[in-house]
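A.B. asks: Need the 3D shape of this:
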Amino acid sequence: MRIERLGGDHRVGVFGCGVKALDDWLVRHALENQRRDLSRTFVLVDDDGTVLGYYSLAMAGVARGALPSRFAHGLPAYDIGMVLLARLAVKADRQGDGLGRDLLVDALARSVAAGRHVAARFIGVDPIDENARGFYKAFGFRSVPGDVGGRMYLRLDHAGEALAQ
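C.D. replies: The predicted structure is shown next:
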């Protein structure tokens with residue numbers, strides 16, 4: 001298995017994670033978003049090239065008031081750079097095999113590297129449901145009390161420290 005940047009040769013039409021919105025986005029929008037520099041998508045493929053999972057990253061900004069209070073202390077009043085983990089999904093018949101963890105670790109490593117070059121301080125994610133929320137919480141992502149959008153954040157320096165262990 002390997003993780004590589006999505007290309008036109010990847011067979012994404014047969015991918016199915018059980019969440020139509022995530023499946024449709026991969027098939028209909030991922031390559032076009034890459035072409036337009038809106039996001040980058042990375043796919044986990046097995047030895048025969050079958051897409052087992054994917055994630056997408058984009059650069060974004062976050063207002064200090066949108067952050068958990070312990071993350072916002074001492075930050076300026078303008079938007080702070082962050083990496084947005086825009087999508088993450090694992091093929092339905094491979095869920096529970098640890099592939100989501102593998103994809104998230106790779107996404108965090110790429111985010112930490114990007115943060116060294118473009119001064120991003122956080123990685124944010126918008127969990128699609130409560131199962132996803134629990135998954136991200138287990139990796140240290142935190143919600144903002146009262147945020148109806150439900151975005152969760154992790155400091156990139158904390159992610160970098162965890163990856164270094």
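
A.B. asks: Share the number of residues neighbouring residue 22, please.
C.D. replies: The burial count assigned to residue 22 is 19, neighbours taken as other C-beta atoms under 10 Å. Glycine gets a C-beta too; all of them are placed from N, C-alpha and C.

A.B. asks: mind checking which helix or strand residue 74 is in?
C.D. replies: Assessed by DSSP states H and E, residue 74 sits outside every helix and strand.

A.B. asks: ok, it to residue 107 distance?
C.D. replies: 27 Å (C-beta to C-beta, to the nearest Å).

A.B. asks: the more surrounded of these two?
C.D. replies: Higher neighbour count among residue 74 and residue 107: residue 107, with 23 against 6, using other C-beta under 10 Å.

A.B. asks: Residue 26 contacts residue 34, correct?
C.D. replies: No. Contact between residue 26 and residue 34 fails when scored by C-beta atoms under 8 Å: they sit 11.5 Å apart.

A.B. asks: if you count what's nearby, which of the two comes out ahead?
C.D. replies: Higher neighbour count among residue 26 and residue 34: residue 26, with 25 against 17, using other C-beta under 10 Å.

A.B. asks: buried sites along the longest helix along the chain?
C.D. replies: If you go by DSSP state H, the chain has its longest helix at helix 99-118. Judged by neighbour count (16 or more other C-beta atoms under 10 Å), helix 99-118 contains these buried residues: 99, 100, 102, 103, 104, 107, 108, 110, 111, 112, 114, 115.

A.B. asks: out of everything not next to it in sequence, what's closest to the third one?
C.D. replies: What that stands for is residue 102. residue 44 (6.8 Å; C-beta to C-beta, 6 or more residues apart in numbering).

A.B. asks: And for the last one?
C.D. replies: Spatial nearest neighbour of residue 115, chain neighbours left out: residue 156 (4.3 Å); criterion: C-beta to C-beta, 6+ apart.

A.B. asks: would you list every one of the helices in this protein?
C.D. replies: Going by DSSP H, the chain shows helices at 20-28, 30-35, 69-72, 99-118, 130-138, 156-164.
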